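>>> build me a model:
(one chain, ligands or ions: 2)
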Amino acid sequence: MASETQIQIPVIDFSPLNMHNPDNLSIWESIKTDVLNALHDYGCFEASSVVSIALQESVNDALKQLFNLPLETKLQNTSEIAFHGYVQSPKVPLYESMGIGNAFIPENVDNFTNLMWRHDNPKFRESIKIYSKKLRELDEIVKRMVFESLDLEKYFDEQMKSTNYLLKVMKYRAPEPNESNIGLHTHTDTNIMTILHQDEVGGLEIQTKNDEWIRVKASPNSFVVVAGETLNVWLNGRLHVPFHRVVMNETMSRYSLGFFSVQKSSNLVKAFDEMVDKERPLLYNPFDYGEFLKFFYKEGGIQSKFALKTYCGVSEGS
Ligand SMILES: O=C(O)CCC(=O)C(=O)O
Ligand SMILES: [Fe+2]
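Ligands and ions are numbered 1, 2, ... in the order given. Okay, here's the model as predicted:
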(Lines give C-alpha, C1' and ligand atoms only; values in the text may rest on other atoms or scores of the structure.)
(Ligands and ions follow the chains in the order given, each with its own letter.)
Protein backbone atom coordinates (compact mmCIF):
# COMPACT_ATOMS: atom_id res chain seq x y z
CA MET A 1 0.00 0.00 0.00
CA ALA A 2 1.29 3.45 -0.88
CA SER A 3 2.25 5.43 2.14
CA GLU A 4 1.76 9.09 2.88
CA THR A 5 4.74 11.27 2.12
CA GLN A 6 5.92 14.70 3.07
CA ILE A 7 5.48 16.17 -0.42
CA GLN A 8 2.87 18.87 -0.76
CA ILE A 9 0.79 20.10 -3.64
CA PRO A 10 1.93 23.37 -5.29
CA VAL A 11 0.83 26.56 -3.55
CA ILE A 12 -0.26 29.50 -5.73
CA ASP A 13 -0.95 32.94 -4.31
CA PHE A 14 -3.57 34.87 -6.29
CA SER A 15 -3.59 37.91 -4.01
CA PRO A 16 -1.07 39.98 -6.08
CA LEU A 17 -3.74 40.12 -8.80
CA ASN A 18 -6.08 42.08 -6.55
CA MET A 19 -3.68 44.90 -5.92
CA HIS A 20 -3.54 47.99 -8.00
CA ASN A 21 -0.33 47.11 -9.70
CA PRO A 22 1.10 48.51 -12.94
CA ASP A 23 2.77 45.17 -13.49
CA ASN A 24 -0.47 43.22 -13.41
CA LEU A 25 -0.02 41.67 -16.84
CA SER A 26 3.28 40.04 -15.98
CA ILE A 27 1.85 38.88 -12.64
CA TRP A 28 -1.10 37.36 -14.50
CA GLU A 29 1.22 35.59 -16.94
CA SER A 30 3.43 34.23 -14.19
CA ILE A 31 0.49 32.89 -12.12
CA LYS A 32 -1.00 31.45 -15.31
CA THR A 33 2.16 29.43 -15.94
CA ASP A 34 2.09 28.13 -12.37
CA VAL A 35 -1.59 27.16 -12.68
CA LEU A 36 -1.04 25.23 -15.90
CA ASN A 37 2.01 23.43 -14.57
CA ALA A 38 0.21 22.48 -11.36
CA LEU A 39 -2.87 21.18 -13.18
CA HIS A 40 -0.69 19.23 -15.57
CA ASP A 41 1.61 17.72 -12.95
CA TYR A 42 -0.75 17.30 -9.96
CA GLY A 43 -4.26 18.06 -11.23
CA CYS A 44 -4.60 20.39 -8.28
CA PHE A 45 -3.00 23.18 -6.28
CA GLU A 46 -3.51 25.15 -3.12
CA ALA A 47 -4.83 28.67 -3.73
CA SER A 48 -3.69 30.71 -0.76
CA SER A 49 -5.28 33.76 0.89
CA VAL A 50 -8.43 33.80 -1.22
CA VAL A 51 -10.72 34.95 1.58
CA SER A 52 -10.03 36.70 4.87
CA ILE A 53 -9.59 34.62 8.02
CA ALA A 54 -12.60 36.43 9.49
CA LEU A 55 -14.86 35.42 6.60
CA GLN A 56 -13.62 31.83 6.75
CA GLU A 57 -14.30 31.71 10.48
CA SER A 58 -17.82 32.96 10.06
CA VAL A 59 -18.43 30.33 7.34
CA ASN A 60 -17.00 27.64 9.64
CA ASP A 61 -19.43 28.72 12.38
CA ALA A 62 -22.26 28.77 9.85
CA LEU A 63 -21.58 25.16 8.84
CA LYS A 64 -21.61 23.97 12.45
CA GLN A 65 -24.96 25.66 13.04
CA LEU A 66 -26.36 24.19 9.85
CA PHE A 67 -25.45 20.58 10.58
CA ASN A 68 -26.72 20.96 14.15
CA LEU A 69 -30.24 21.51 12.84
CA PRO A 70 -32.76 18.68 13.32
CA LEU A 71 -32.69 15.97 10.64
CA GLU A 72 -36.21 16.80 9.45
CA THR A 73 -35.10 20.36 8.72
CA LYS A 74 -31.98 19.25 6.88
CA LEU A 75 -34.04 16.82 4.80
CA GLN A 76 -35.87 19.79 3.32
CA ASN A 77 -32.73 20.50 1.31
CA THR A 78 -33.83 18.60 -1.79
CA SER A 79 -32.75 18.73 -5.43
CA GLU A 80 -33.84 17.21 -8.73
CA ILE A 81 -30.20 16.34 -9.29
CA ALA A 82 -28.86 13.28 -7.46
CA PHE A 83 -26.55 14.11 -4.54
CA HIS A 84 -27.17 17.85 -4.80
CA GLY A 85 -29.52 17.97 -1.82
CA TYR A 86 -29.18 16.46 1.66
CA VAL A 87 -27.11 13.26 1.56
CA GLN A 88 -26.50 10.65 4.18
CA SER A 89 -25.76 7.13 2.97
CA PRO A 90 -24.75 3.81 4.56
CA LYS A 91 -22.02 3.57 1.89
CA VAL A 92 -20.28 6.53 3.51
CA PRO A 93 -21.48 6.37 7.11
CA LEU A 94 -19.29 9.19 8.44
CA TYR A 95 -20.40 11.59 5.71
CA GLU A 96 -23.27 14.04 5.53
CA SER A 97 -23.75 16.82 2.97
CA MET A 98 -26.08 19.55 1.80
CA GLY A 99 -26.09 21.65 -1.35
CA ILE A 100 -26.94 25.16 -2.48
CA GLY A 101 -27.31 25.44 -6.26
CA ASN A 102 -25.73 28.51 -7.91
CA ALA A 103 -24.97 30.00 -4.51
CA PHE A 104 -23.32 33.07 -6.05
CA ILE A 105 -26.88 34.25 -6.87
CA PRO A 106 -28.00 35.95 -3.62
CA GLU A 107 -31.64 34.85 -3.96
CA ASN A 108 -30.65 31.18 -3.90
CA VAL A 109 -28.85 31.66 -0.59
CA ASP A 110 -31.88 33.55 0.79
CA ASN A 111 -34.18 30.66 -0.19
CA PHE A 112 -31.89 28.08 1.36
CA THR A 113 -31.56 30.11 4.57
CA ASN A 114 -35.33 30.54 4.85
CA LEU A 115 -35.83 26.83 4.38
CA MET A 116 -33.41 26.02 7.20
CA TRP A 117 -34.23 28.86 9.64
CA ARG A 118 -37.82 29.97 9.81
CA HIS A 119 -36.73 33.08 11.73
CA ASP A 120 -33.80 33.77 9.40
CA ASN A 121 -30.07 33.59 10.08
CA PRO A 122 -28.54 36.80 8.69
CA LYS A 123 -25.00 35.80 9.62
CA PHE A 124 -25.25 32.53 7.71
CA ARG A 125 -26.94 34.19 4.77
CA GLU A 126 -24.49 37.05 4.38
CA SER A 127 -21.29 35.10 4.93
CA ILE A 128 -22.29 32.39 2.42
CA LYS A 129 -23.18 35.05 -0.15
CA ILE A 130 -19.83 36.85 0.03
CA TYR A 131 -17.96 33.58 0.17
CA SER A 132 -19.68 32.10 -2.89
CA LYS A 133 -18.99 35.25 -4.86
CA LYS A 134 -15.28 35.00 -4.01
CA LEU A 135 -15.16 31.35 -5.04
CA ARG A 136 -16.99 32.10 -8.28
CA GLU A 137 -14.31 34.74 -9.01
CA LEU A 138 -11.49 32.30 -8.31
CA ASP A 139 -13.17 29.70 -10.54
CA GLU A 140 -13.35 32.20 -13.36
CA ILE A 141 -9.72 33.34 -13.01
CA VAL A 142 -8.36 29.79 -13.01
CA LYS A 143 -10.42 28.78 -16.04
CA ARG A 144 -9.55 31.94 -17.95
CA MET A 145 -5.88 31.14 -17.37
CA VAL A 146 -6.32 27.58 -18.61
CA PHE A 147 -8.22 28.67 -21.73
CA GLU A 148 -5.72 31.43 -22.52
CA SER A 149 -2.75 29.11 -22.17
CA LEU A 150 -4.16 26.73 -24.74
CA ASP A 151 -5.45 29.42 -27.15
CA LEU A 152 -9.06 28.50 -26.42
CA GLU A 153 -10.31 32.00 -25.52
CA LYS A 154 -13.04 31.86 -28.15
CA TYR A 155 -14.79 29.11 -26.16
CA PHE A 156 -14.51 30.78 -22.78
CA ASP A 157 -17.70 32.86 -22.55
CA GLU A 158 -19.90 30.11 -23.91
CA GLN A 159 -18.46 27.54 -21.51
CA MET A 160 -18.96 29.85 -18.54
CA LYS A 161 -22.57 30.43 -19.58
CA SER A 162 -23.25 26.71 -19.77
CA THR A 163 -21.94 26.11 -16.25
CA ASN A 164 -23.94 25.51 -13.10
CA TYR A 165 -22.38 25.79 -9.66
CA LEU A 166 -23.05 23.79 -6.54
CA LEU A 167 -21.86 24.84 -3.13
CA LYS A 168 -21.73 21.57 -1.22
CA VAL A 169 -21.16 21.69 2.51
CA MET A 170 -19.98 18.55 4.25
CA LYS A 171 -19.65 17.15 7.73
CA TYR A 172 -17.76 13.98 8.60
CA ARG A 173 -18.25 12.59 12.06
CA ALA A 174 -15.32 10.92 13.79
CA PRO A 175 -15.27 7.12 13.40
CA GLU A 176 -16.30 4.86 16.28
CA PRO A 177 -13.39 2.75 17.62
CA ASN A 178 -14.23 -0.27 15.45
CA GLU A 179 -15.37 1.63 12.40
CA SER A 180 -13.43 2.37 9.18
CA ASN A 181 -11.76 5.77 9.16
CA ILE A 182 -12.57 6.36 5.47
CA GLY A 183 -14.67 9.52 5.29
CA LEU A 184 -15.01 9.52 1.51
CA HIS A 185 -13.79 6.75 -0.82
CA THR A 186 -11.14 7.27 -3.50
CA HIS A 187 -12.67 9.04 -6.50
CA THR A 188 -12.09 11.63 -9.18
CA ASP A 189 -14.45 14.57 -9.58
CA THR A 190 -16.49 14.16 -12.77
CA ASN A 191 -17.55 17.84 -12.95
CA ILE A 192 -15.45 20.64 -14.52
CA MET A 193 -13.46 21.84 -11.52
CA THR A 194 -13.84 21.84 -7.75
CA ILE A 195 -12.64 24.33 -5.16
CA LEU A 196 -12.36 22.66 -1.75
CA HIS A 197 -11.91 23.97 1.74
CA GLN A 198 -11.32 21.82 4.80
CA ASP A 199 -11.25 22.92 8.42
CA GLU A 200 -8.32 22.48 10.78
CA VAL A 201 -9.11 18.79 11.40
CA GLY A 202 -7.80 17.91 7.91
CA GLY A 203 -8.02 14.51 6.24
CA LEU A 204 -8.08 15.28 2.52
CA GLU A 205 -5.61 13.10 0.64
CA ILE A 206 -4.67 13.44 -3.02
CA GLN A 207 -2.88 10.85 -5.13
CA THR A 208 0.04 11.89 -7.31
CA LYS A 209 0.82 10.57 -10.79
CA ASN A 210 3.26 8.21 -9.04
CA ASP A 211 0.48 6.77 -6.88
CA GLU A 212 1.74 8.41 -3.71
CA TRP A 213 -0.83 9.83 -1.33
CA ILE A 214 -0.34 13.43 -0.24
CA ARG A 215 -2.14 14.43 2.94
CA VAL A 216 -3.15 18.02 2.25
CA LYS A 217 -2.21 20.41 5.04
CA ALA A 218 -5.20 22.13 6.51
CA SER A 219 -4.84 25.86 6.22
CA PRO A 220 -7.33 28.38 7.62
CA ASN A 221 -7.99 30.43 4.51
CA SER A 222 -6.72 28.56 1.52
CA PHE A 223 -8.48 26.28 -0.95
CA VAL A 224 -7.56 23.25 -2.97
CA VAL A 225 -8.46 23.64 -6.64
CA VAL A 226 -9.00 20.21 -8.23
CA ALA A 227 -9.33 19.48 -11.96
CA GLY A 228 -12.38 17.41 -12.85
CA GLU A 229 -13.01 14.90 -15.64
CA THR A 230 -15.19 17.29 -17.69
CA LEU A 231 -12.39 19.86 -18.00
CA ASN A 232 -9.99 17.13 -18.99
CA VAL A 233 -12.38 15.85 -21.66
CA TRP A 234 -12.61 19.37 -23.14
CA LEU A 235 -8.80 19.49 -23.23
CA ASN A 236 -8.48 15.92 -24.53
CA GLY A 237 -6.43 14.67 -21.61
CA ARG A 238 -3.95 17.52 -21.20
CA LEU A 239 -4.42 17.67 -17.44
CA HIS A 240 -4.05 15.20 -14.62
CA VAL A 241 -7.33 14.41 -12.84
CA PRO A 242 -6.29 13.28 -9.39
CA PHE A 243 -7.82 10.56 -7.28
CA HIS A 244 -8.60 11.83 -3.83
CA ARG A 245 -10.26 10.67 -0.62
CA VAL A 246 -10.94 11.72 2.95
CA VAL A 247 -9.28 9.78 5.76
CA MET A 248 -10.37 10.59 9.29
CA ASN A 249 -7.70 10.18 11.93
CA GLU A 250 -9.09 12.41 14.57
CA THR A 251 -11.62 12.10 17.25
CA MET A 252 -13.22 15.30 16.06
CA SER A 253 -15.87 15.99 13.44
CA ARG A 254 -14.54 17.47 10.24
CA TYR A 255 -16.27 20.18 8.19
CA SER A 256 -15.45 20.87 4.58
CA LEU A 257 -16.97 22.58 1.63
CA GLY A 258 -16.72 22.26 -2.13
CA PHE A 259 -17.61 24.73 -4.85
CA PHE A 260 -18.33 22.52 -7.86
CA SER A 261 -18.66 23.81 -11.40
CA VAL A 262 -20.78 21.46 -13.48
CA GLN A 263 -21.57 21.56 -17.20
CA LYS A 264 -25.27 22.09 -17.92
CA SER A 265 -26.86 19.09 -19.54
CA SER A 266 -28.07 21.06 -22.59
CA ASN A 267 -24.67 20.62 -24.30
CA LEU A 268 -22.63 17.48 -24.88
CA VAL A 269 -19.30 17.24 -23.09
CA LYS A 270 -16.74 17.00 -25.87
CA ALA A 271 -13.13 17.85 -26.68
CA PHE A 272 -12.51 21.20 -28.37
CA ASP A 273 -11.53 20.61 -32.03
CA GLU A 274 -8.17 22.33 -31.52
CA MET A 275 -7.25 19.82 -28.83
CA VAL A 276 -7.43 16.81 -31.14
CA ASP A 277 -4.92 15.95 -33.85
CA LYS A 278 -2.80 13.06 -35.13
CA GLU A 279 -0.39 13.33 -32.20
CA ARG A 280 -3.24 13.60 -29.70
CA PRO A 281 -6.10 11.40 -30.90
CA LEU A 282 -9.51 11.75 -29.30
CA LEU A 283 -9.64 10.11 -25.85
CA TYR A 284 -13.36 10.36 -25.04
CA ASN A 285 -16.42 10.25 -27.25
CA PRO A 286 -18.82 13.19 -26.74
CA PHE A 287 -21.35 12.43 -24.01
CA ASP A 288 -24.29 13.92 -22.15
CA TYR A 289 -23.25 14.71 -18.58
CA GLY A 290 -26.65 13.92 -17.08
CA GLU A 291 -26.74 10.51 -18.78
CA PHE A 292 -23.22 9.78 -17.61
CA LEU A 293 -24.18 10.57 -14.02
CA LYS A 294 -27.07 8.09 -14.23
CA PHE A 295 -24.55 5.43 -15.26
CA PHE A 296 -22.12 6.60 -12.61
CA TYR A 297 -24.60 6.33 -9.76
CA LYS A 298 -26.92 3.51 -10.88
CA GLU A 299 -24.88 0.99 -12.83
CA GLY A 300 -22.12 0.59 -10.33
CA GLY A 301 -19.96 3.24 -12.01
CA ILE A 302 -19.29 4.86 -8.67
CA GLN A 303 -17.63 1.59 -7.60
CA SER A 304 -15.24 1.90 -10.49
CA LYS A 305 -12.32 4.29 -10.40
CA PHE A 306 -12.40 4.48 -14.19
CA ALA A 307 -16.11 5.08 -14.80
CA LEU A 308 -15.65 7.72 -17.50
CA LYS A 309 -13.22 5.57 -19.52
CA THR A 310 -15.67 2.69 -19.35
CA TYR A 311 -18.57 4.91 -20.34
CA CYS A 312 -17.16 6.83 -23.30
CA GLY A 313 -13.41 6.18 -23.64
CA VAL A 314 -12.20 5.71 -27.21
CA SER A 315 -10.68 2.26 -27.28
CA GLU A 316 -7.10 1.97 -28.50
CA GLY A 317 -6.69 1.03 -32.12
CA SER A 318 -10.21 2.07 -33.07
O1 LIG B 1 -14.45 16.78 1.99
C2 LIG B 1 -13.50 16.93 1.22
O3 LIG B 1 -12.49 17.54 1.54
C4 LIG B 1 -13.50 16.30 -0.15
C5 LIG B 1 -14.85 16.20 -0.78
C6 LIG B 1 -14.78 15.66 -2.17
O7 LIG B 1 -13.77 15.23 -2.66
C8 LIG B 1 -16.00 15.63 -3.01
O9 LIG B 1 -17.09 15.94 -2.50
O10 LIG B 1 -15.89 15.31 -4.21
FE1 LIG C 1 -13.98 14.96 -4.79
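>>> please make it C-alpha for all contacts and neighbour counts, starting now.
Fine.
>>> could you list the low-pLDDT ranges of the protein?
Where the chain drops to pLDDT under 70, the residues are 1-5, 299-304, 316-318.
>>> if we go to 50?
Across the chain, residues meeting the criterion (pLDDT under 50) sit at 1.
>>> excluding sequence neighbours, find me the nearest residue to the residue nearest the centre of it.
Centroid-nearest residue in the chain: residue 194, 1.9 Å away (criterion: Cα atoms, centre = their mean). Spatial nearest neighbour of residue 194, chain neighbours left out: residue 260 (4.5 Å); criterion: Cα to Cα, 6 or more residues apart in numbering.
>>> what about that neighbour, distance to residue 189?
Noted for residue 260: a distance of 9 Å to residue 189, by Cα to Cα, to the nearest Å.
>>> these two: who's more crowded?
residue 260 (27 against 17; other Cα atoms under 10 Å).
>>> got phi/psi on the more buried one?
phi -100, psi 130 (degrees, to the nearest 10).
>>> that one touches residue 166, doesn't it?
Yes - contact between residue 260 and residue 166 holds when scored by Cα atoms under 8 Å: they sit 5.1 Å apart.
>>> in three-state terms, label the closest residue to residue 135 other than its chain neighbours for me.
In space, residue 135 comes closest to residue 259 once its chain neighbours are excluded; the distance is 7.1 Å by Cα to Cα, 6+ apart. For residue 259, the assignment made with DSSP: H, G, I helix; E, B strand; the rest coil gives strand.
>>> list the beta-bridge partners for residue 259.
In this structure, residue 259 bridges to residue 167, residue 195 when assessed by DSSP bridges.
>>> any idea how many residues pack against residue 266?
10.
>>> list the contacts of the residue nearest to residue 135.
Residue 259 makes contacts with 132, 135, 165, 166, 167, 168, 194, 195, 196, as judged by Cα atoms under 8 Å, 6 or more residues apart in numbering.
>>> return the distance of the helix or strand that contains the second one from the chain's centre.
Assigned by DSSP states H and E, residue 135 belongs to helix 122-149. Helix 122-149 has its average C-alpha position 12 Å from the chain's average C-alpha position, going by Cα atoms, centre = their mean, to the nearest Å.
>>> that helix: which residues count as buried?
For helix 122-149, burial by neighbour count (16 or more other Cα atoms under 10 Å) applies to 124-132, 135-136, 138-139, 142-147.
>>> what angle sits between the helix or strand following it and helix 122-149?
Toward the C-terminus, helix 122-149 is succeeded by helix 153-161 as the next helix or strand (DSSP H and E). Counting by axes from the mean of the first three to the mean of the last three Cα atoms, to 10 degrees, helix 153-161 lies at 160 degrees to helix 122-149.
>>> may I see the buried residues of helix 153-161?
For helix 153-161, burial by neighbour count (16+ other Cα under 10 Å) applies to residue 160.
>>> how about residues contacting it?
Around helix 153-161, the neighbours that count as contacts under Cα under 8 Å, 6+ apart are 140, 144, 147.
>>> any idea how far residue 113 is from the residue nearest to residue 106 when sequence neighbours are not counted?
Spatial nearest neighbour of residue 106, excluding adjacent residues (Cα to Cα, 6+ apart): residue 129 at 6.0 Å. Computed as Cα to Cα, the residue 129 to residue 113 distance reads 11 Å.
>>> then residue 154?
Taking Cα to Cα as the measure, residue 154 falls 38 Å from residue 113.
>>> now do residue 268
33 Å.
>>> for the stretch 51-200 of the chain, what lies in contact range of ligand 1?
Applying Cα under 6 Å from any ligand atom, one finds that the stretch 51-200 of the chain approaches ligand 1 through 189, 198.
>>> many thanks, we can stop here.
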